[in-house]
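1. here is my input, please return the structure:
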Amino acid sequence: MLITSKPVDPAGSAALLDVLRGRRAVVLAGAGVSTESGIPDYRGPDSVNRNRKPMQYQEFVRSEASRARYWARSAIGWPRMAAARPNAGHTALADLEASGLVQGVITQNVDGLHQAAGSRRVVELHGSLAWVCCLACGARQPRDAFQAELTRLNPDRAEWVQRLHHERAEMAPDGDAEVSASAVEHFEVPPCAVCGGVMKPDVVFFGENVPRARVDDAWDLFEAGEVLLVLGSSLTVYSGRRFADRARSEGKPIAIVNVGPTRADDFAAVKIDARIGAVLPEVVRQLAG
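-> So this is what the prediction gives:
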């Protein structure tokens with residue numbers, strides 16, 4: 001295996017091109033693809049100072065106070081998440097799909113930026129923050145509509161939300177924001193408009209299982225590829241690592257571009273330690289040449 005470190009050297013680029021050229025690739029995308037769009041991650045090199053743990057599924061389900069705290073923080077973080085735009089890495093992936101090299105993207109991200117960049121076949125393994133769903137009846141509604149309800153129910157907080165948004169309160173990887181505990185007290189959360197049940201972002205929280213049908217869709221896409229291209233993922237979480245494990249067991253080449261180590265470095269055909277946006281546009285240029 002060839003491992004290169006940032007900045008990208010010619011040998012690393014050549015090795016990556018050798019693995020990809022003439023093969024159909026399927027992409028497994030992690031948070032590192034979106035960090036260049038201003039969305040932080042939990043395990044990247046800049047995440048070591050982030051002490052707050054992500055929301056756990058069981059905590060969200062059993063604690064009304066935890067839900068109120070999550071949604072109050074989310075009311076601040078959502079406008080910035082919704083305003084995020086695709087970066088050069090997202091655009092390059094869409095270009096590679098249009099060229100026929102990339103068959104599709106299995107993404108661990110919940111920000112919708114792959115689709116915004118033009119990628120057509122995307123399996124959102126962990127769901128999408130653009131939607132909210134009811135835990136009781138399954139009804140779904142757009143996140144923007146839910147944001148409007150949050151504002152309506154908390155009119156005294158509307159100015160507070162805007163102020164913290166404009167003051168750039170630190171954004172968290174799951175789309176909410178870092179605010180003090182006292183600032184989220186007595187925050188009201190709207191129930192499901194259909195059945196009155198508990199509303200949850202339509203994403204897979206830590207401790208929650210990925211829906212079976214979504215996993216099946218991801219495996220179908222995995223089978224369409226002759227090489228697995230891992231981008232911006234440390235492969236720490238099993239929901240993503242399983243694809244690298246299966247590629248290894250089947251003898252399918254694995255190429256990795258990620259800042260920092262991953263759980264598949266020891267058996268990857270090539271590993272480039274660099275930003276996605278510094279690598280993929282050059283791959284597009286070389287393969288189009």
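2. sheet partners, orientation included, of the longest strand anywhere in the chain?
-> Longest strand of the chain, by residue count under DSSP state E: strand 127-134. Its sheet considered, strand 127-134 pairs with strand 140-142 (antiparallel), strand 199-203 (antiparallel) by DSSP bridges.
3. so where's the protein shaky on pLDDT?
-> For the chain, the stretches flagged by pLDDT under 70 are 1-9, 42-52, 157-184, 289.
4. which parts of it are strands?
-> Secondary structure of the chain (DSSP E): strands located at 2-5, 25-29, 102-107, 122-124, 127-134, 140-142, 199-203, 227-231, 254-257, 270-273.
5. could you give the separation of the fifth one from the chain centroid?
-> Spelled out, that is strand 127-134. Remark: strand 127-134 is offset 13 Å from the chain centroid, using Cα atoms, centre = their mean, to the nearest Å.
6. now swap in the third one and tell me
-> Counting by Cα atoms, centre = their mean, strand 102-107 is centred 13 Å from the centre of its parent chain.
7. could you list the residues in contact with it?
-> The contact list for strand 102-107, computed with Cβ atoms under 8 Å, 6 or more residues apart in numbering, reads 24-30, 33, 93, 96-97, 114, 119-126, 218, 221-222, 224-225, 229, 240, 243. From N, CA and C alone the C-beta is placed, and that goes for glycine too.
8. thinking again about what came up before, got JSON lines for the strands paired with strand 127-134, with distance to Pro10 and mean neighbour count too?
-> Shown next, in JSON lines, are the strands paired with strand 127-134 (distance: least, Cβ to Cβ, whole Å; neighbours: other Cβ atoms under 10 Å):
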{"stretch": "strand 140-142", "distance to Pro10": "46", "mean neighbour count": "14"}
{"stretch": "strand 199-203", "distance to Pro10": "40", "mean neighbour count": "22"}
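9. sorry, back to before: distance to Ile39 for the strands of the chain - can I get that in TSV?
-> Shown next, in TSV, are those (distance: least, Cβ to Cβ, whole Å):
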stretch	distance to Ile39
strand 2-5	24
strand 25-29	12
strand 102-107	12
strand 122-124	15
strand 127-134	10
strand 140-142	19
strand 199-203	13
strand 227-231	14
strand 254-257	17
strand 270-273	20
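10. of all the ones you listed, which lies closest to Val61?
-> For the strands of the chain, proximity to Val61 was assessed by Cβ to Cβ; strand 199-203 is nearest, at 8.2 Å.
11. quick one on the thing from earlier: from the contacts of strand 102-107, list the buried ones, please.
-> 25-30, 33, 93, 96-97, 114, 119, 122-126, 218, 221-222, 225, 229, 240, 243 (16 or more other Cβ atoms under 10 Å).
12. the chain: helices as residue ranges?
-> Per DSSP state H, the chain carries helices over the ranges 10-20, 57-62, 64-83, 88-99, 113-117, 143-153, 155-166, 212-223, 238-250, 276-288.
13. go through these and name the closest to Glu188.
-> Closest of the helices of the chain to Glu188 is helix 143-153, at 4.3 Å (criterion: Cβ to Cβ).
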